[in-house]
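S.K.: Take this sequence and fold it.
(chains A, B and C)
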Amino acid sequence: MAAIEMRNIVKEYGDGFKAVNDVSLDIADGEFMILVGPSGCGKSTLLRMIVGLEDITSGDMLIGGDRVNEKAPRDRNLSMVFQNYALYPHLTVFENIAFPLRLNKKIKEEEIQTRVRDAASMLELDEHLDRKPANLSGGQRQRVAMGRAIVRRVNAFLFDEPLSNLDAKLRGQMRTEISRMQRRLGTTTVYVTHDQTEAMTLGDRVAVLRRGLLQQVASPRELYEQPVNMFVAGFIGSPPMNFMPAVVSGNRLTLPFLEADVPATAAGKVTDGQLLIAGLRPEHFEDARLLDPVKRERGVTFRAPVDVTEWLGDSQYAYIPFESNPEVAEELAKLAAELDSEALRSQLIISIDAMSRLRENHEAEFWADTGRLHLFDPRTGENLTRDEEAAADLARFEQEELRERMEQTP
Amino acid sequence: MKVSRRTQVYWILGALAVIAYALVPVFWIVSLSFKEGDDITNNSFLPTVWSWANYRTVFASDLFTTALRNSVGMAIIATTISVVLATLAAYAISRLEFPGKRLVLGVALAITVFPVIAIATPLFNLWRTIGLYDTWLGLIIPYLSYSLPLAVYVLAAFFREIPWEMEQAAQVDGATAWQAFRRVIVPLASPGVFTAAILTFFAVWNDFVFGITLTSSEAARPVPAALAFFQGASQFSQPTAPIAAAAVVVTIPVVILVLLFQRKIVAGLTSGAVKG
Amino acid sequence: MAVSTVAKPVPKARRAKISDRTRKERNLGWMLAGPAFLAMVLVTGYPILNALWLSLFDYRLTDPAGREFIGLGNYAMILTDGLFWRQFGVTSLITVVTVAIELVLGFALAMVMHRALHLRTPLRTAILVPYGIITVVSAYAWAYAFSNTYGFVNPLLGLGDFDWFGGTWSALFTVCVAEIWKTTPFMSLLLLAGLAQIPEDYLEAAKVDGARAWQRVKRVILPNMKAAIMVALLFRTLDAFRIFDSVFIMTAGAQGTETLSFLAYRQTISRVMIGLGSAVSVILAILVVLIAFLFIKVFRTDLSQARGDRK
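M.R.: Model prediction:
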């Protein structure tokens, strides 16, 4: 086990394209770090630089304090689970898991036997040891790939979108399994994904990348509550955060459908008449008729026409179109393209109580929790309402949790 | 696609026509090889009496048996050398980044398009000077000129099909590049190597140009070349039927390989040439 | 993944120190590819250069003392000789006729192999026999079949005593038949590979859109097979232009059926005119390279698919 430190890591291709641009990231011993971002953000390249399958153009990569930039993958003592598992089709499950051990002549046969069987029983593969990968289900193959990763005592586990080839149900199960295994072994783990559910549930911390640049490294909760910019705010959360134009007048903001106070955290950062982008998450809205009266005071109510509703049993979404400012619309279209989502029409997606009986194409009264409003600079995307104190609190909490866990692992 | 019964029948008739197309000329030479005496000139597809006489003649002839030995021996040696060298090269080409990779491929491609006769004539001159003329080695070396590029292409195409991640996984698992090659790639590649060997064998077995230009006696002359110089029992009798018998004998290995490995040969031929 | 770095004039800013991995990979690359590369270069490079050199001499093997440097004299002699142009014509004719027929026939064969649900194995096995058979054997089979002494073709067609090998056109016809029979299977297998890559969806969509069988071939299948067709044509054209074995066995060049390869052979081996023969070889090689160039540049044949490099 070891910490992984990256200092100003750059990956530049021959044509000058920088897939990874000046990334510095410290991953603590035993930490579960997620690398997340839309496709092409450089997360897989970064992972492959850690493991040594990709050369580092500049910067330093340290594993357990040693600089490994020029070391071959085999000398870095890491293990990796590939997206397509990369199981050896000519070897049985047993031999697949034993493969890394067999390469080391010093390891005795008995030890190989025990270690493979231990790994197999941990992953519930005991019955399948004599089968070939071609005869296994997707989930089983995934577990064999994990078995091959954990059979050695390595500095860190690396995962490259390991669940993306599984169906939704299995993905959920394997997610829990990976989390349990990592907690049990206490091995430093770097996990690449584009799936934000995986990012939020698995990681101690999440590193969000955008076009090779590191945007924010924080606990899932901090990313969600205190994003540094519009990109992170829009990437984390599903359905995504609603973005609307907001015009400052005095200490008030004018948004489509409603008005609100400029949040205290943004005070002094905005000027009168300035056009900003306001962000509010779907769950910070409600159908005003079903609202707890205690909550009503915290926010504002407004009337708006409902375009479409989606009822999912345990939850419900309503779509409310609004006229956007062209300047803001353009920024949002750019953001949407970067986030791999379709250019959204300008509409609010709001989460309302499943009991609510709204009718499509009718007007209804809604409530918005304006206390949770974020404000973004439309040019830089910077979050003007980020609460540094609250963020520091969340980070402290996360560190304590990790320390506690590491003390418990044998 | 759902196919109607009637369409099916048409396709079956088409298939039978293709089979006839492929096999009638072969049956003809077989039939000719069993003809004896007046049958040979009866201008009929089939003999009236089936006779083994021609086979006895060719196997009694030193000219043919030596040539057969030459052909088999040289084809096996040339195929082995080509496949071993080509396996290493194709692995490097399809799996490793190294400067000059394109040069290797370019040279291989250039050689495959080069007219064999343009290589044979200068070799004729050179071999006479350095004493390789009319020897096994003197033929095996030029055989490499076209069997190597062929084997490189078939194998490179095959290697590209092996998932790239597999070998990186081996590297991360602690394997050296050599270990990754031997323990992961070789077992996965062996079917492709086998296919390449068959195709290379066909190519070498088929040689005629080098066979007639670089030999002058039965010391190294392979069967196709020997056939062209085949003489009958007496020089007045036409050796037609014995030639047919000899032709059938050298076709037998081809037919056996085709029967056993039809699937592999088709796959090797098609993947080597057109992909994507 | 590995982005191609070819032909980019942009200098690598801050070129990375080559890591162990890259260096080992490079060394291993040459260690593995080196022997095959050397073998290929030596067995062909030397003869080619040697032929270039010798083609500049008036040199007869039986008269080594009379060897004399004559510059491009051999080439001038060849290119002003009517016989050469005749042989060039014969070679081109055989090439064009056989390749054209092979393309049509090969496509039909490929369709049958692709579509016939029954007899698949016997069909593919049978088609491989002409491919695998020795060219000389095929040539003998057809020579005897057409022969008026031994063959069954004349009685079959009711041609009596007609001597196929007595006239240029009929002799060339038999050579073409033998070539086509032997090499169409190869062509058809290349086309089959292209055919197999057209998703069945396209054809079903075309059917739903109301396309008839022929329209489906013309508007869906052929455009999607362009790459496969061009590669097959290139390979076969280069091969056909080098025709030698069949001509040697079937006509021995008689009746004006000599091809360029045959000429090179006859000058060098039979007449031991090493200088002149080498010049013919060089011209033949240049012509082949020109054909390849024509296909790649003018018809834009995409050979990347036929090459071993990854994208």
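
S.K.: Tell me who's in contact with the closest residue to A:Leu185 other than its chain neighbours.
M.R.: Spatial nearest neighbour of A:Leu185, chain neighbours left out: A:Ile150 (6.6 Å); criterion: CB to CB, 6 or more residues apart in numbering or on different chains. All C-beta atoms are positioned from the backbone trio N, CA, C, and that covers glycine. Listed by CB atoms under 8 Å, 6 or more residues apart in numbering or on different chains, the contact set of A:Ile150 reads A:Ser79, A:Ala119, A:Met122, A:Phe157, A:Met181, A:Leu185, A:Thr187.

S.K.: any idea where the helices of the stretch 1-150 of chain B begin and end?
M.R.: Counting by DSSP state H, counting those that start in this stretch, one finds helices in the stretch 1-150 of chain B at the ranges B:5-33, B:53-60, B:62-95, B:101-113, B:116-130, B:136-161.

S.K.: Which secondary structure elements does the fourth one sit against?
M.R.: The reference is to helix B:101-113. With contacts taken as 3 or more CB pairs under 8 Å, 6 or more residues apart in numbering or on different chains; DSSP states H and E, helix B:101-113 sits against helix B:62-95, helix B:136-161, helix C:20-40, helix C:274-293.

S.K.: So which of these is the most surrounded?
M.R.: Greatest average neighbour count among these goes to helix B:136-161 (a mean of 24), per mean count of other CB atoms under 10 Å in any protein chain shown.

S.K.: just checking, what packs against that helix?
M.R.: helix B:62-95, helix B:101-113, helix B:116-130, helix B:186-205, helix B:209-213, helix B:240-273, helix C:20-40.

S.K.: any bit of the first one sitting next to chain C?
M.R.: What it means is helix B:62-95. Yes - Helix B:62-95 is in contact with chain C by CB under 8 Å from any CB of the partner chain, via B:Leu85, B:Ala86, B:Leu88, B:Ala89, B:Ala90, B:Tyr91, B:Ala92, B:Ile93, B:Ser94.

S.K.: same deal with the fifth one?
M.R.: Yes - Helix B:209-213 comes into contact with chain C when judged by CB under 8 Å from any CB, the residues involved being B:Val209, B:Ile212, B:Thr213.

S.K.: where in the stretch 151-300 of chain C is pLDDT low?
M.R.: Flagging of the stretch 151-300 of chain C using pLDDT under 70 yields the residue ranges C:300.

S.K.: which residue ranges form the helices in it?
M.R.: Under DSSP H, counting those that start in this stretch, the stretch 151-300 of chain C gives helices at C:153-157, C:168-196, C:200-208, C:213-216, C:222-224, C:226-241, C:245-250, C:260-265, C:274-293.

S.K.: Format these as a markdown table; extra columns: distance to chain A.
M.R.: Below are the helices of the stretch 151-300 of chain C laid out as a markdown table (distance: least, CB to the nearest CB, whole Å):
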| stretch | distance to chain A |
| --- | --- |
| helix C:153-157 | 52 |
| helix C:168-196 | 22 |
| helix C:200-208 | 23 |
| helix C:213-216 | 34 |
| helix C:222-224 | 28 |
| helix C:226-241 | 26 |
| helix C:245-250 | 41 |
| helix C:260-265 | 44 |
| helix C:274-293 | 28 |
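
S.K.: quick one: which of those helices is nearest C:Val129?
M.R.: Closest of the helices of the stretch 151-300 of chain C to C:Val129 is helix C:168-196, at 8.0 Å (criterion: CB to CB).

S.K.: Summarise which helices and strands that closest one is packed against.
M.R.: Secondary-structure packing of helix C:168-196 (3+ CB pairs under 8 Å, 6+ apart): helix B:5-33, helix B:240-273, helix C:82-115, helix C:120-132, helix C:135-146, helix C:226-241, helix C:245-250.

S.K.: ok, back up a step: and the helices and strands packed on helix B:136-161 as JSON lines, adding distance to A:Val306?
M.R.: Below are these laid out as JSON lines (distance: least, CB to CB, whole Å):
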{"stretch": "helix B:62-95", "distance to A:Val306": "58"}
{"stretch": "helix B:101-113", "distance to A:Val306": "61"}
{"stretch": "helix B:116-130", "distance to A:Val306": "79"}
{"stretch": "helix B:186-205", "distance to A:Val306": "58"}
{"stretch": "helix B:209-213", "distance to A:Val306": "83"}
{"stretch": "helix B:240-273", "distance to A:Val306": "57"}
{"stretch": "helix C:20-40", "distance to A:Val306": "58"}
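
S.K.: Could you save those helices as CSV and add columns showing mean pLDDT and distance to A:Leu291?
M.R.: Below are these laid out as CSV (pLDDT from 0 to 100; distance: least, CB to CB, whole Å):
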stretch, mean pLDDT, distance to A:Leu291
helix B:62-95, 90, 63
helix B:101-113, 81, 68
helix B:116-130, 83, 88
helix B:186-205, 87, 63
helix B:209-213, 89, 92
helix B:240-273, 84, 66
helix C:20-40, 84, 61
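
S.K.: Spatially central residue in chain A, please.
M.R.: Nearest residue to the geometric centre of chain A (CA atoms, centre = their mean): A:Ala199, 3.3 Å.

S.K.: Assumed that one was part of a helix.
M.R.: Yes - applying DSSP: H, G, I helix; E, B strand; the rest coil, one finds A:Ala199 inside a helix.

S.K.: Does it touch A:Thr193 like I think?
M.R.: Yes - shown here, A:Ala199 and A:Thr193 form a contact pair, counting by CB atoms under 8 Å, at 5.8 Å.

S.K.: Next, show the common contact partners of those two.
M.R.: Residues touching both A:Ala199 and A:Thr193 (CB under 8 Å, 6+ apart): A:Ile34, A:Val36.

S.K.: Tell me the buried residues in stretch A:80-97?
M.R.: By neighbour count on 16 or more other CB atoms under 10 Å in any protein chain shown, the buried set for stretch A:80-97 is A:80-88, A:90-97.

S.K.: That should have said stretch A:215-222, apologies.
M.R.: Applying 16+ other CB under 10 Å to stretch A:215-222 flags A:Gln215, A:Gln216, A:Val217, A:Ala218, A:Ser219, A:Pro220, A:Glu222 as buried.

S.K.: for that stretch, how far is the first residue from the last?
M.R.: End-to-end span of stretch A:215-222 (CA to CA, to the nearest Å): 13 Å.

S.K.: Determine how far it lies from the middle of the whole chain.
M.R.: 9 Å (CA atoms, centre = their mean, to the nearest Å).

S.K.: got the contact list for that stretch?
M.R.: Stretch A:215-222 has contacts (CB under 8 Å, 6+ apart) with A:25, A:37, A:199-201, A:203-209, A:223, A:226-229, A:231-232, A:236, A:391, A:394-395, A:397-398.

S.K.: Equivalent analysis for stretch B:32-40, please.
M.R.: Residues from elsewhere that reach stretch B:32-40, judged by CB under 8 Å, 6+ apart: B:42, B:47-55, B:238, B:240-241, B:244-245, B:247-248, C:144, C:150.

S.K.: now stretch B:22-29
M.R.: Stretch B:22-29 is contacted from outside by B:45, B:244, B:247-248, B:251, C:126-127, C:129-130, C:133, C:137-138, C:140-142, C:144-145, C:152, C:181, C:185, using CB under 8 Å, 6+ apart.
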